[in-house]
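Novice: sequence? don't have it. structure:
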């Protein structure tokens, strides 16, 4: 028996909480399939726009959603960016502007002209000066006016401002580039998660049922038997709370041929070498239809039969 | 698949150079359709492509005597019995016992099963038994519309017993019973039992001391028990070395009759229960379903 080497998580493993989250996203999705899950309240705190439960926070919800994105069960798009205080992590930041040269906040808007040497000349200066203060050239070639700023403290003229933020909670202040930031994203289902939630496929239906009952489900686990034959186990459902593991083979119907099939696999696979299974391990033949007498035959193989 | 041909000579049959003459009163007037009522019509069909292990699960799940094997084209079906499985296991065990488990998964039923005779519902029972004797095959397939049914030599006897046909013969048990009863000691192993049954081409062996008979079906039932299957998987050699007392739950008590017992009584007792065997009181003669073929007149 080959252990974890051949065992592969082909699609995903899901928890009941994750399945519930996917359902919430599905129910709240707009026309483009995306949901705005987060916002920022008046106090600057991130709030969840969908119910997260009493014991959970918006930040925890964000982590869970991002994990689902990693599992390719959700897609996300940029929604908004929130700046945060480097001192206290708060979001009550007051923006300020200052002179890029001296740092004084005493600056005023002004129309400026740009000389061919690159010098910036405020509108008031154009009337007073006869030549460029930097290169001495003729001011007649200056282009403008453009939007700019003049510092009342040092007299510098600039096209850009230094932008600062000051935390209203702790007083921390720095240029905006040094502030922390949280990116809010909008979330939507992927084709895979959509198929898990709505597909009539027996395997997907079974996944939904098992996950909602608290099982963690592995799909399409490949394993090699003692005989050397290779098998794909449709689902492995593990409930670590109740210490129960179920190995599912899913059929269109369960009759003698299907039970013979699962019995052959059950005999050949050492269940203790399947990674992840715990506690009492049961083999289950599952299908949307069960032939009369199948349950009796299943007992002779110590196999359970389950209607999907 | 073991194959062969059925030589037919305008209603006259030959076996090993001897001509079989028709007219045995036991078989008189009956046809295959009469016997079919006694055949098990619930036996499931399995694919010729199934691995042997899957067929074993069929035996285990339904406690069957045999399985009907069909090909992709629904041609004449084959039959898989305990004897086929036993022969297969013996061949592998003789050469490479460690590969037994893998062989069960990698060998298809096609390589193990027997072909069956073809019979029409209108064929006489005598012709059916004659054909069985000529081929050495105990099963015939009968096609009715789209479905195949198998008729075994045991079904023939059940029918003949119920119809009172054996009352028409004055033969005694000793007249057709086989002399020389093969037996094995309880200290023998499963492998030795397989060897005897396969090499001697017999389906019944007396277990000494226990005075019971183990059949190929009994051996199969033991092999597909949970414990034996696990041992076969984990340690094939250990299974082959199993002493025969492990098989006693799967052996049956034969009917013991005097040598002069009327054949009608002998066959009536024979069909009552497994192992479908009658022994004479001196244990020197054995009557099995196959002995019915001796009722055909041989010159």
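Specialist: Right, received. Where do you want to start? Remember, predicted model here, so these are calculated numbers, not experimental data.

Novice: and the residue nearest to the spatial centre of chain A, which of the three is it?
Specialist: For chain A, the residue whose C-alpha lies nearest the mean C-alpha position (C-alpha atoms, centre = their mean) is residue A:66; its distance is 2.1 Å. Reducing the assignment at residue A:66 to three states with DSSP: H, G, I helix; E, B strand; the rest coil gives helix.

Novice: so who does it touch?
Specialist: residue A:76 (C-beta atoms under 8 Å, 6 or more residues apart in numbering or on different chains). All C-beta spots, glycine's among them, are computed from the backbone N, C-alpha and C.

Novice: Setting aside sequence neighbours, what's the nearest residue to the residue of the stretch 101-250 of chain B found nearest chain A?
Specialist: Residue nearest to chain A within the stretch 101-250 of chain B: residue B:105 (3.7 Å; C-beta to the nearest C-beta). Once flanking residues are discounted, residue B:105 sits nearest to residue A:227: 3.7 Å by C-beta to C-beta, 6 or more residues apart in numbering or on different chains.

Novice: returning to that earlier point: in terms of helices and strands, where is the residue of the stretch 101-250 of chain B closest to chain A?
Specialist: Applying DSSP states H and E as the criterion places residue B:105 in helix B:100-106.

Novice: do the same with residue B:83
Specialist: Under the criterion DSSP H and E, the helix or strand holding residue B:83 is helix B:82-95.

Novice: what does chain B put close to chain A?
Specialist: B:44, B:46, B:50-51, B:53-55, B:57-58, B:60-62, B:101-102, B:104-106, B:226, B:229, B:233 (C-beta under 8 Å from any C-beta of the partner chain).

Novice: quick one: which of those residues sit in strands?
Specialist: Within the residues of chain B next to chain A, residues falling in strands by DSSP state E are residue B:46.

Novice: and the residues of chain B next to chain A, which are buried?
Specialist: For the residues of chain B next to chain A, a burial check counting by 16 or more other C-beta atoms under 10 Å in any protein chain shown picks out B:46, B:50-51, B:53-55, B:57-58, B:60-62, B:101-102, B:104-105, B:229, B:233.

Novice: still on that earlier bit, hmm, the residue nearest to residue B:105 is touching residue B:100, no?
Specialist: No - if you go by C-beta atoms under 8 Å, residue A:227 and residue B:100 don't touch, sitting 9.8 Å apart.

Novice: Distance-wise, check residue A:168 relative to chain B.
Specialist: Shown here: residue A:168 relative to chain B, a distance of 73 Å by C-beta to the nearest C-beta, to the nearest Å.

Novice: For the closest residue to that residue other than its chain neighbours, give its distance to chain B.
Specialist: Residue nearest to residue A:168 in three dimensions, not counting chain neighbours: residue A:92, with 4.2 Å by C-beta to C-beta, 6+ apart. With the distance defined as C-beta to the nearest C-beta, residue A:92 ends up 69 Å from chain B.

Novice: what's the burial count for the spatially closest residue to residue A:100 that is not a sequence neighbour?
Specialist: Nearest non-adjacent residue to residue A:100, counting by C-beta to C-beta, 6+ apart: residue A:162, 4.6 Å away. Residue A:162 has 19 neighbours, counted by other C-beta atoms under 10 Å in any protein chain shown.

Novice: So what sits opposite residue A:162 in the bridge?
Specialist: On DSSP bridges, the residues paired with residue A:162 through beta bridges are residue A:98.

Novice: Next up, the contacts around it.
Specialist: Taking C-beta under 8 Å, 6+ apart as the criterion, residue A:162 is in contact with A:97-100, A:103, A:175.

Novice: And it, how close does it get to residue B:264?
Specialist: Taking C-beta to C-beta, to the nearest Å as the criterion, residue A:162 is separated from residue B:264 by 118 Å.

Novice: likewise residue A:280?
Specialist: For residue A:280 relative to residue B:264 (C-beta to C-beta), the value is 57 Å.

Novice: In terms of neighbours, single out the busier of those two.
Specialist: Neighbours of residue A:280 and residue B:264, each counted by other C-beta under 10 Å, are more numerous for residue B:264; the result is 19 against 11.

Novice: Secondary structure of that one: a helix, I assume?
Specialist: Yes - when three-state DSSP is applied, residue B:264 is found to be in a helix.

Novice: all helices for chain B, in order.
Specialist: When secondary structure is read from DSSP state H, chain B shows helices at B:32-36, B:52-62, B:82-95, B:100-106, B:125-135, B:153-162, B:173-176, B:190-199, B:216-223, B:226-234, B:236-240, B:263-270.

Novice: circling back to that earlier point, let's see if you can find the most crowded of the contacts of residue A:162.
Specialist: Greatest neighbour count in those, by other C-beta under 10 Å, goes to residue A:99: 22 neighbours.

Novice: Quick check: nearest residue in space to it, chain neighbours excluded?
Specialist: Excluding the flanking residues, the one nearest residue A:99 by C-beta to C-beta, 6+ apart is residue A:151, at 3.8 Å.

Novice: Over to residue A:199?
Specialist: Computed as C-beta to C-beta, 6+ apart, the closest residue to residue A:199 that is not its neighbour in sequence is residue A:205, at 7.2 Å.

Novice: That neighbour looks like it's in a helix, true?
Specialist: Yes - counting by three-state DSSP, residue A:205 is part of a helix.

Novice: so where's the stretch 151-299 of chain B uncertain?
Specialist: For the stretch 151-299 of chain B, the stretches with pLDDT under 70 are B:297-299.

Novice: what do you get for chain A?
Specialist: Checking chain A against pLDDT under 70 turns up A:1-13, A:42-44.

Novice: Get me the contact residues on it for chain B.
Specialist: Proximity of chain A to chain B (C-beta under 8 Å from any C-beta) is limited to residues A:225-229, A:256-257, A:259-261, A:263-264, A:267-268, A:297, A:300-302.

Novice: buried subset of those?
Specialist: By 16+ other C-beta under 10 Å, these give A:225-227, A:229, A:256-257, A:259-261, A:263-264, A:267-268, A:297, A:300-301 as buried.

Novice: Which of those fall in helices?
Specialist: In helices, judged by DSSP H, the following of those are found: A:256-257, A:259-261, A:263-264, A:267-268, A:297, A:300.

Novice: Residue B:111: neighbouring residues, count only.
Specialist: The local packing count at residue B:111 equals 14, with neighbours defined by other C-beta under 10 Å.

Novice: Could you tell me how far it is located from residue B:163?
Specialist: Noted for residue B:111: a distance of 39 Å to residue B:163, by C-beta to C-beta.

Novice: what do you get for residue B:221?
Specialist: As for residue B:221, its distance to residue B:163 is 31 Å (criterion: C-beta to C-beta).

Novice: got it, and residue A:182?
Specialist: Using C-beta to C-beta, we find residue A:182 at a distance of 92 Å from residue B:163.

Novice: and what of residue A:192?
Specialist: Residue A:192 sits 67 Å away from residue B:163, taking C-beta to C-beta as the criterion.
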